[in-house]
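> Turn this into a structure:
(one chain, ligands or ions: 1)
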Amino acid sequence: MELQLALDLVDIAGAKELVKEVESYIDIVEIGTPVVINEGLRAVKEIKDAFPHLKVLADLKVMDAAGYEVMKASEAGADIVTILGVAEDMTIKGAVEEAKKQQKKILVDMIGVKDIAGRAKELDALGVDYICVHTGYDLQAVGKNSFEDLMIIKSVVKNAKIAVAGGIKLQTLPEVIKAGPDLVIVGGGITGQEDKQAAAAEMQRLIKQG
Ligand SMILES: O=C(CO)[C@H](O)[C@H](O)COP(=O)(O)O
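Numbering: from 1, shown residues only. Coordinates of the predicted model:
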């Protein structure tokens, strides 16, 4: 099980500072959608250059023209690129094809997908690398979480790795770990803590302990 640090509310300098603090405890750094909007793919490049031993995920949430966007993110140094599960199958296929060419991975974000089980089966058959259930900030604000959806994809996905994101904190991590995802994505649960290093270290400890 891997731990991904999601960076959403920082600029490039802030992202570097944060990653430096927790780099020993994480496997993947996510350059979040707001960071890409503010800083462009330069943020991906600068983080990959500064921390080449960590995998970098570009949270582009691709919805169309995936071949081109996956190519640009790959050129910037992304190891994993996100696409939305609600995108057309043609778009998903384009992403998978380009990622294979570039020797990169595709993570599908299931945000907004209504039929989680049905769509997860289809995406799994399309050859994506990760399928991620995700409660975004807007639904977190009304008390939702991804736990139920995690159990659903666990039961139907046969090939892709399973990921989970959305409001995971130290207190809720043990329940998430018990469900056995391949990848746990944490933003505010680390970046919002006073002692970010301690939070990341404890999360890594819990994940390793299983
Ligand atoms: O993709 C995102 C928002 O769209 C976030 O990166 C993801 O939800 C993880 O952050 P947090 O743990 O703070 O919810």
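
> Excluding covalently adjacent residues, which one is nearest to the closest residue to the ligand within the chain?
Closest to the ligand within the chain is Gly187: 2.5 Å, counting by C-beta to the nearest ligand atom. C-beta here means a position set from N, CA and C on the backbone, and glycine is covered the same way. The shortest distance from Gly187 to any non-neighbouring residue, by C-beta to C-beta, 6 or more residues apart in numbering, is to Ala6 (3.5 Å).

> Tell me the residues of this protein that contact the ligand?
6, 8, 30, 32-33, 59, 134, 136-137, 165-168, 185-189 (C-beta under 6 Å from any ligand atom).

> Apply the buried test to those residues and list what passes.
6, 8, 30, 32-33, 59, 134, 136, 165-168, 185-189 (16 or more other C-beta atoms under 10 Å).

> Mind checking which of the residues you listed land in helices?
Members of those lying in helices (criterion: DSSP state H): 33, 188-189.

> Wait, Gly32 touches Gly187, no?
Yes - with contact defined as C-beta atoms under 8 Å, Gly32 and Gly187 form a contacting pair (7.1 Å).

> tell me, what's touching the two both at once?
Residues within reach of Gly32 and of Gly187 at once, by C-beta atoms under 8 Å, 6 or more residues apart in numbering, are 6-8.

> Redo those as a markdown table? Include pLDDT and distance to Gly180.
Compiled in a markdown table, those are given as follows (pLDDT from 0 to 100; distance: C-beta to C-beta, whole Å):
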| residue | pLDDT | distance to Gly180 |
| --- | --- | --- |
| Ala6 | 98 | 20 |
| Leu7 | 98 | 26 |
| Asp8 | 96 | 26 |
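
> Nearest to Gly94 among those residues?
Nearest to Gly94 out of the shared contacts of Gly32 and Gly187 is Ala6 (C-beta to C-beta; 24.9 Å).
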